[in-house]
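[1] dropping the sequence and predicted coords here.
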Amino acid sequence: MLAVLLGPRLSHAQTVKKVQPHNVPFAILGASLLWFGWSGFNGGSALAADGTAALALANTYMSGAASLVTWVLLERMHFQRSSATGAVTGAIVGLVIITPAAGFVRPLSATVMGMAGCAMVYPTFHLNHHKVDDALHCFPCHGIASLVGAILTGIFSTEGGLVYGGGLKLLLAQLVGAVVVAVYASIMTTAIFFALRLCMPMRVAEELEHAGLDGACHGESAYPAPEASVHAAEAGMDRARDADLDLDAELGEASVRDGA
């Protein structure tokens, strides 16, 4: 929702199909830490060290692993090669999918959920829109995958799931719940966005975005080149000071108008 409200980066139209992973080893490390944390997130949801916690933990790993393998296979079919970032993305998708069902399905069902869910979510990662700048694919990875997980819970849950003779009651309840949560989150995010916009700018100035925020906001570069980095950092600091002065002037004028 914030990606829609903020609008795309100035360079988004030119880079939408060219953006490459920034640091693959760090992406793998980050996904590994997420998976480790998910062990406590799902396993600890039972608030006890019992059979339900063990089941939730096993299902978490089964779904994550099944989704990872499925993503790698889909990527190979699509691009004739598999990538490390794709593999860890598939794992995260599987973890998201199993979360609502972790303590309520059997391990075999968790495996099927990871495989089928990944196959349903995978195509949404390749949908790009020039006005929506979701650089990290948060919406398909967490939004679509969680919706798929909620629906599959209504199918595979041992407590009222469709395949266990529960009919459509749980499935429809899961679907309605997911839609209500999505609408609520969208409304509240929009409200918070506009409330914050009354107090502070929500985007940097265009000249600072063109120059790069490392130099403009921090006076340094993540990947400095000899000599050039010093001049770029100094220029960025100068532009940041000018932007702050312009903002202060605008706020002062607004205060004068309000007082008048």
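    Ah, there it is.
[2] ok, and for stretch 178-192, which residues are buried?
    Judged by neighbour count using 16 or more other CB atoms under 10 Å, the buried positions of stretch 178-192 are residue 178. Just so you know, the C-beta spots here come from the backbone N, C-alpha and C atoms, and that holds for glycine as well.
[3] what about it, average pLDDT?
    The predicted model assigns stretch 178-192 a mean pLDDT of 95.
[4] starting at the chain centroid, how far to that stretch?
    Centroid separation between stretch 178-192 and its chain, computed with CA atoms, centre = their mean, to the nearest Å, is 16 Å.
[5] ok, stretch 91-111 next?
    Worked out by CA atoms, centre = their mean, stretch 91-111 lies 18 Å from the chain centre.
[6] identify each buried residue in that stretch, please.
    In stretch 91-111, counting by 16+ other CB under 10 Å, buried: 91-106, 109-111.
[7] output the lowest mean pLDDT helix or strand found in this structure.
    helix 228-259 (a mean of 55; mean pLDDT, DSSP states H and E).
[8] any buried residues in stretch 156-172, and which?
    So for stretch 156-172, counting by 16+ other CB under 10 Å, buried means 156, 157, 160, 161, 162, 164, 166, 170, 171.
[9] between the two ends of that stretch, how far is it?
    13 Å (CA to CA, to the nearest Å).
[10] so that it lines up with my notes, have the first residue be 23 from now on.
    Noted, 23 is the first residue going forward, which turns the last one into stretch 178-194.
[11] in this structure, where is pLDDT below threshold?
    Applying pLDDT under 70 to the chain picks out residues 34-41, 246-282.
[12] tell me the domain boundaries of it?
    24-219, 228-281 (automatic domain parsing).
[13] give me the nearest residue to the spatially most central residue of the chain, chain neighbours excluded.
    Nearest to the mean C-alpha position of the chain, by CA atoms, centre = their mean, lies residue 160 at 2.2 Å. Nearest in space to residue 160, with sequence neighbours left out and distances taken as CB to CB, 6 or more residues apart in numbering, is residue 25 at 7.9 Å.
[14] what packs against the host helix or strand of the one you found?
    Element membership for residue 25 (DSSP states H and E) is helix 24-28. Secondary structure elements in contact with helix 24-28, counted by 3 or more CB pairs under 8 Å, 6 or more residues apart in numbering; DSSP states H and E, are helix 191-219.
[15] distance from the chain centre to the helix it packs on, please.
    Using CA atoms, centre = their mean, the offset of helix 191-219 from its chain centre is 16 Å.
[16] re earlier: tell me the most buried of the domains of the chain?
    domain 24-219 (a mean of 17; mean count of other CB atoms under 10 Å).
[17] can you get me the start-to-end distance on that one?
    End to end - CA to CA - domain 24-219 spans 12 Å.
[18] what does the strand or helix carrying residue 141 contact?
    Using DSSP H and E, residue 141 sits within helix 129-143. With contact meaning CB atoms under 8 Å, 6 or more residues apart in numbering, helix 129-143 is reached by 77, 80-82, 84-89, 91-93, 96, 112, 115-116, 119-120, 123-124, 127, 162-163, 166-167, 170-171, 174, 178, 185.
[19] got phi/psi on residue 180?
    phi -70, psi -10 (degrees, to the nearest 10).
[20] got it, and the one 3 residues further on?
    For residue 183, the backbone dihedrals are phi -70, psi 160 (criterion: degrees, to the nearest 10).
[21] repeat for the one 4 residues further on
    With angles defined as degrees, to the nearest 10, residue 187 sits at phi 80, psi 10.
[22] so who does it touch?
    Counted by CB under 8 Å, 6+ apart, residue 187 has zero contacts.
[23] and residue 182, by the same measure?
    By CB under 8 Å, 6+ apart, the residues touching residue 182 are 188, 189, 191, 192.
[24] distance of the residue nearest to residue 160 from residue 153?
    Distance of residue 25 to residue 153, given as CB to CB, to the nearest Å: 9 Å.
[25] same check on residue 188?
    41 Å.
[26] again with residue 178
    Counting by CB to CB, the gap from residue 178 to residue 153 is 37 Å.
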